[in-house]
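# Sequence and computational prediction follow.
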Amino acid sequence: MPPENLFEESADDTRTAIMEATYRALTEYGYAGLTIQRIADKFEKSKSLLYHHYDGKDDLLVDFLEFVLDYAESNVPRSGDEPAPRRLTAFLDSVFPPDPTTDDEFVGVFVQLRAQAVQDDAYECHFTQSDRYFRQHVAGIIEDGIEEGTFREVDAEQSAAFLVSLVNAALTERTTTDDPDALRAVRAEVDDYLETRLFANDRRRDR
């Protein structure tokens, strides 16, 4: 099932309806098996309407990628005025769930699309921008933590780049392997990194 608010717009919104049809076809057939006809089979309106909005499958999928990334960015966990360590932990919890054996359909879609960036400049551009957004988000948390005294004086951008790269690898592993123990081990090591590299000595338990 898709995240409950992924297609929250009205069913009368044509783009949202097309995005939902694309999502359902992609989860059923995978990227390699995806066709305009299979998307149209999931679309309650006419197939000609797809061609009215898009030149073809590739054009539609690039728009779908933008739709998915916009959703991911807008749903980054935000913890209001809580201390930076708790905000950073909330972000990591969204990637390393308590039960890593849970089938994450949405993450699988995300990973399939990311793989296309190897050969497609349009995909590469979107993921470059998205990764930059997440690095800035994490760097902002780290900078807040340094200012409030809960984090050490580290290079916020460098630490953020490391954590976001680790997150991307974890997302891929969640959907391409069947080894939850490995994900638990990675999360344990991430927590050790936070303890020894980021958290100020007297604030490590303030999370």
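Sure thing, it's come through.
# Which residues are in contact with the residue nearest the centre of the chain?
Per C-alpha atoms, centre = their mean, the C-alpha nearest to the average position across the chain is that of A72, at 4.9 Å. Applying C-beta atoms under 8 Å, 6 or more residues apart in numbering, we find A72 in contact with 110, 130. Every C-beta, even on glycine, is put in place using the N, C-alpha and C of the backbone.
# Now do the SS call for it.
helix (DSSP: H, G, I helix; E, B strand; the rest coil).
# Could you point out which residue ranges in this structure have low pLDDT?
In the predicted model of the chain, residues 1, 9-12, 79-80, 98-103, 202-207 satisfy pLDDT under 70.
# and the longest helix for it?
Longest helix in the chain by number of residues (criterion: DSSP state H): helix 121-148.
# For the next helix or strand after it, which outside residues touch it?
Downstream of helix 121-148, the next assigned helix or strand under DSSP states H and E is helix 156-176. By C-beta under 8 Å, 6+ apart, the surrounding residues in contact with helix 156-176 are 92, 95-96, 100, 104, 107-108, 110-111, 114, 131, 134-140, 142-143, 146, 179, 182-183, 186, 190, 197-198.
# Quick check on these: which are buried?
Buried members of these, counted by 16 or more other C-beta atoms under 10 Å: 92, 95-96, 100, 104, 107-108, 110-111, 114, 131, 134-135, 137-139, 142-143, 146, 183, 186, 190, 198.
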